[in-house]
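Asks: Pasting a predicted model and its sequence here:
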Amino acid sequence: MPASYAYLGPEGTFTEVALRTLPEAATRELIPYVSVQSALDAVRTGEAEAAFVPIENSVEGGITTTLDELVAGAPLMIYREVLLSITFALLVRPGTALSDVKTVTAHPAAQPQVRNWLKANLPDAVWESAASNADGARLVQEGRYDAAFAGEFAAARYGLVPLETGIHDAENAQTRFVLVGRPARPAAPTGADKTSVVLWQRDDHPGGLRDLLGEFATRGINLMLLQSRPTGAGIGNYCFCIDAEGHISDRRMSEALMGLKRICLQVRYLGSYPRAGIGPDEVRPTLPGTSDEEFVSAADWVARCQDGRF
Ligand SMILES: O=C(O)C(=O)Cc1ccccc1
């Protein structure tokens, strides 16, 4: 049996479409799971080699179930990311008219992407969340709801028809998906990489978050995601999920991580992996004084000072 990738199913999710864009998916068995949690658990137990799940969208930010799963439990690592442009279709059973639609369903992350359309076109429809957009389509097929927001491609799979296509409140809405595996050596740097970490502050003090962010800022590292998540230890207790530009093998990144390790209660490394949709030529140049060569020569200089050879 080939190694398998678990993904947020059932068949016909945007997640499946995004997963199939990865060349390595062609050589794996792709197995749908009912939730992000169950897909990631399959990786933790060794049932699957990796899991592919949504993690962020450009309309609402982080997909909190995924972030919370990565923050807690046995450590996992991100190895790849995929960006997918998303527009929704309103899928119904054949013969349903817009005026028949009293109940609609989709994944909770779809709601902020179709809210205005819903208000303008189906102001009285009752919304119920589904485990995924394709699962919503399946529930419409079963007669549980009148319509589902899902990819147009899911219609045929569930015997439905698109009543409307191209639904998107925000132009260029994109969702980011990640391939998550058990901890191992990260892939070699490509020149256009991203590093993900979770940070827990040691104590609550004025400027605490600024101190954490300063470890990146002073080394010229750009941040691409900052999302706080409750630790569960009471109101006001948060950890911070951060995506930073660069690879752990870059000197400025490894030094920033060392700085964070010294000042944080806990740092969880979630991996360094190639950025989707951008090549090494498009990455912003490093700021003066933050290249690998400059870190190495500064370290050499200190070593020479310690030796009295400067
Ligand atoms: O992959 C899907 O179809 C999902 O249900 C997750 C999702 C939700 C909203 C936008 C893109 C993906």
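Replies: Sure, I can see it.
Asks: just checking, L122 touches V101?
Replies: Yes - here L122 reaches V101: they are 5.7 Å apart, a contact under Cβ atoms under 8 Å. All C-beta spots, glycine's among them, are computed from the backbone N, C-alpha and C.
Asks: How about the contacts made by the residue of the stretch 201-310 of the chain found nearest the ligand?
Replies: As assessed by Cβ to the nearest ligand atom, the ligand sits closest to A276 within the stretch 201-310 of the chain, at 14.6 Å. By Cβ atoms under 8 Å, 6 or more residues apart in numbering, A276 lies in contact with 81-83, 176.
Asks: And the residues you listed, which is closest to F14?
Replies: Closest approach between the contacts of A276 and F14, by Cβ to Cβ: V82, at 10.2 Å.
Asks: how about that closest one, what does it touch?
Replies: Taking Cβ under 8 Å, 6+ apart, we find V82 in contact with 18-19, 21-22, 176-179, 276.
Asks: Mind checking which of those residues are in strands?
Replies: Those of the contacts of V82 mapping onto strands are 176-179, per DSSP state E.
Asks: is the ligand contacted by the helix or strand of the chain with the lowest mean pLDDT?
Replies: Least confident element among the helices and strands of the chain, by mean pLDDT, DSSP states H and E: strand 61-62 (a mean of 91). No - legend: contact between strand 61-62 and the ligand by Cβ under 6 Å from any ligand atom is lacking; minimum distance shown is 12.5 Å.
Asks: Tell me which residues are up against that strand.
Replies: Residues outside strand 61-62 that contact it (Cβ under 8 Å, 6+ apart) are 55-56, 225, 227, 229, 241.
Asks: Repeat the analysis, applying 10 Å as the threshold.
Replies: By Cβ atoms under 10 Å, 6 or more residues apart in numbering, the residues outside strand 61-62 that reach it are 54-56, 67-68, 109, 112, 176, 225-229, 241, 243.
Asks: Next: stretch 277-296.
Replies: Residues from elsewhere that reach stretch 277-296, judged by Cβ under 10 Å, 6+ apart: 81-83, 174, 176, 189-194, 218-222, 245-246, 249-252, 254-255, 274-275, 297-298.
Asks: what number of residues lie near G143?
Replies: By other Cβ atoms under 10 Å, 8 other residues sit near G143.
Asks: for the chain, what spans make up the helices?
Replies: Ranges of helices in the chain, per DSSP state H, are 14-19, 36-44, 64-71, 111-121, 133-141, 154-157, 208-217, 251-263, 292-307.
Asks: For the ones you listed, could you give me JSON lines that also reports mean neighbour count?
Replies: Listed next are those as JSON lines, based on neighbours: other Cβ atoms under 10 Å:
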{"stretch": "helix 14-19", "mean neighbour count": "24"}
{"stretch": "helix 36-44", "mean neighbour count": "21"}
{"stretch": "helix 64-71", "mean neighbour count": "21"}
{"stretch": "helix 111-121", "mean neighbour count": "16"}
{"stretch": "helix 133-141", "mean neighbour count": "26"}
{"stretch": "helix 154-157", "mean neighbour count": "20"}
{"stretch": "helix 208-217", "mean neighbour count": "17"}
{"stretch": "helix 251-263", "mean neighbour count": "18"}
{"stretch": "helix 292-307", "mean neighbour count": "11"}
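Asks: returning to what we had before: quick one: the contacts of A276 as TSV, columns for distance to the ligand too.
Replies: Converted to TSV, the contacts of A276 look like this (distance: Cβ to the nearest ligand atom, whole Å):
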residue	distance to the ligand
E81	14
V82	11
L83	11
R176	9
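Asks: Got a PyMOL select line for the buried ones in those residues?
Replies: Command for PyMOL that selects the buried part of the contacts of A276, burial taken from 16 or more other Cβ atoms under 10 Å:
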select buried, resi 81+82+83+176
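Asks: among the contacts of A276, which are in strands?
Replies: 81-83, 176.
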